[in-house]
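# Sequence and computational prediction follow.
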Amino acid sequence: MADGESSLSEAADAIEEASDTKALDVVARLGFAVLALLHIIIGAISIALAFGQPGQAEATGAIEQMGANPWGPAILWACVIACTGLALWQLSEATLRSRRLPRKARLGKLVSSGGLALVYGSVGLSFAGFAVGMRTDSGDTTRDLSTALLNTPVGLPALVAVGLAVMGVGVFFVVKGLRRGFKQELFRFDGTRRGRLIDSLGVTGHVAKGVALNLVGLLFVIAAGKQSPEESTGLDGSLQALTDHPFGPYLLVAIGAGFICYGLFALVRARFGRM
């Protein structure tokens, strides 16, 4: 039994060593850069909405814009590779590289990094879908999910739970921004002009993203309360809904600017982040 456990441990060590390569590190950093560009484009679309311009302020809308040029297919496939590499890196963080942590910290790493691996993997799949011509609308996907949940016996509480979970993530981003929890992800620049700029981008970007996620989660809860799945329309629907309110355009500009700040912070994370 001990020999078997020793062999498994040695195999895990070998896999961990293989995953700790410069190539994976570079590809994962490129994945952070891709996510940064997505946030910057979403922010720009949000600001455009405030001035009455058309657009989809969500990941699929940003991906469509990234592919709308002669080099589009090559760019999309490069983004697939980058996001896949980032997902694999997060998966190794959740499993192989956390094996020596205390049990509680290991469980937390499994949940956080494992969840991020799924998110980044799904973004990679979205890029792949656009690359092969299978264009989707995340708002339609969200409505389909809401409809499917409401058609189950536990549909109403399940949809409320989804909404509250999304809002919980939003609160996490707000708190992380205000408490500057993002600093542990970066090499230190305290006391420098660069450090102050990065600090401002991190706070503004995380808070804005948290507010946007709370709007998305709120629409899920509203959809459950009205039993109207068409009310849950994802990020784009949440931002589009702001255009109907007197102060909506100002909020759209603020949220859009915040997303751009988050994207710029993510570019810094891609270059100077701890890996």
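Arrived safely, thanks for sending. None of these values were measured; they are calculated from a predicted model. Residues are numbered from 1 along each chain as shown.

# Report the residue spans of the stretch 1-150 of the chain with pLDDT below the cut-off.
1-20, 96-102, 104-106, 108-109, 135-150 (pLDDT under 70).

# try 80 this time
In the predicted model of the stretch 1-150 of the chain, residues 1-23, 54-58, 93-113, 134-150 satisfy pLDDT under 80.

# And the strands in it, which stretches?
Taking DSSP state E, counting those that start in this stretch to define them, one finds no strands in the stretch 1-150 of the chain.

# which residues sit in contact with residue 23?
Contacts were defined as Cβ atoms under 8 Å, 6 or more residues apart in numbering; by that measure residue 23 touches no other residue. Any C-beta I mention is one placed from the backbone N, CA and C, and that applies to glycine too.

# Okay, residue 179 and residue 201: tell me how far apart.
Using Cβ to Cβ, to the nearest Å, one obtains 16 Å as the distance from residue 179 to residue 201.

# and stretch 156-169, how far from the chain's centre?
Computed by Cα atoms, centre = their mean, to the nearest Å, the chain-centroid distance of stretch 156-169 equals 17 Å.

# tell me the mean pLDDT for that stretch?
For stretch 156-169, the mean pLDDT works out to 80.

# buried ones in that stretch?
Residues of stretch 156-169 classed as buried: 158-160, 162-163, 166-167, 169 (neighbour count, 16 or more other Cβ atoms under 10 Å).

# Equivalent analysis for stretch 115-135, please.
The neighbour-count criterion (16+ other Cβ under 10 Å) identifies 116-117, 120-121, 123-131 as the buried residues of stretch 115-135.

# Sitting in helices, which of these do you find?
The helices, defined by DSSP state H, take in 116-117, 120-121, 123-131 from these.

# about what we covered before: please render the buried residues of stretch 115-135 as TSV that adds distance to residue 92 to the earlier fields.
Formatted as TSV, the entries for the buried residues of stretch 115-135 read as follows, by distance: Cβ to Cβ, whole Å:
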residue	distance to residue 92
116	12
117	9
120	12
121	13
123	18
124	16
125	19
126	22
127	21
128	21
129	25
130	27
131	25
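
# Go through those and name the one nearest residue 31.
Each of the buried residues of stretch 115-135 was scored against residue 31 by Cβ to Cβ, and residue 120 proved nearest at 6.3 Å.

# Excluding chain neighbours, what is closest to that closest one?
For residue 120, the nearest residue in space outside its immediate sequence neighbours is residue 87; the separation is 4.1 Å by Cβ to Cβ, 6 or more residues apart in numbering.

# That neighbour: how many residues sit nearby?
Other residues within reach of residue 87, judged by other Cβ atoms under 10 Å, total 22.

# residue contacts, it?
31, 116-118, 120-121, 124.

# One more: residue 48?
For residue 48, the set of contacting residues under the criterion of Cβ under 8 Å, 6+ apart consists of 54-55.

# Against residue 240, how distant is it?
Remark: distance between residue 48 and residue 240 (Cβ to Cβ) = 12 Å.

# who's more crowded, residue 179 and residue 201?
Taking neighbours as other Cβ under 10 Å, residue 179 and residue 201 compare with residue 201 leading, 21 against 11.

# How far does stretch 56-73 sit from its chain's centre?
Taking Cα atoms, centre = their mean, one finds stretch 56-73 lying 17 Å from the centre of the chain it belongs to.

# Would you mind extracting the C-alpha trace of that stretch into CSV?
Extracted in CSV, the C-alpha atoms of stretch 56-73 (Å, rounded to 0.1, in the frame of the first residue of the first chain):
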residue,chain,number,x,y,z
GLN,A,56,-23.2,43.7,-27.5
ALA,A,57,-21.4,44.5,-24.3
GLU,A,58,-20.5,41.0,-23.4
ALA,A,59,-17.8,38.4,-24.2
THR,A,60,-19.4,37.2,-27.5
GLY,A,61,-19.7,40.7,-28.7
ALA,A,62,-16.1,41.4,-28.0
ILE,A,63,-15.0,38.1,-29.6
GLU,A,64,-17.0,39.0,-32.7
GLN,A,65,-15.1,42.3,-33.0
MET,A,66,-11.8,40.6,-32.5
GLY,A,67,-12.5,38.3,-35.4
ALA,A,68,-13.9,41.0,-37.7
ASN,A,69,-10.7,41.6,-39.8
PRO,A,70,-8.7,39.7,-42.4
TRP,A,71,-6.6,38.2,-39.7
GLY,A,72,-9.6,37.2,-37.7
PRO,A,73,-9.4,33.4,-37.9
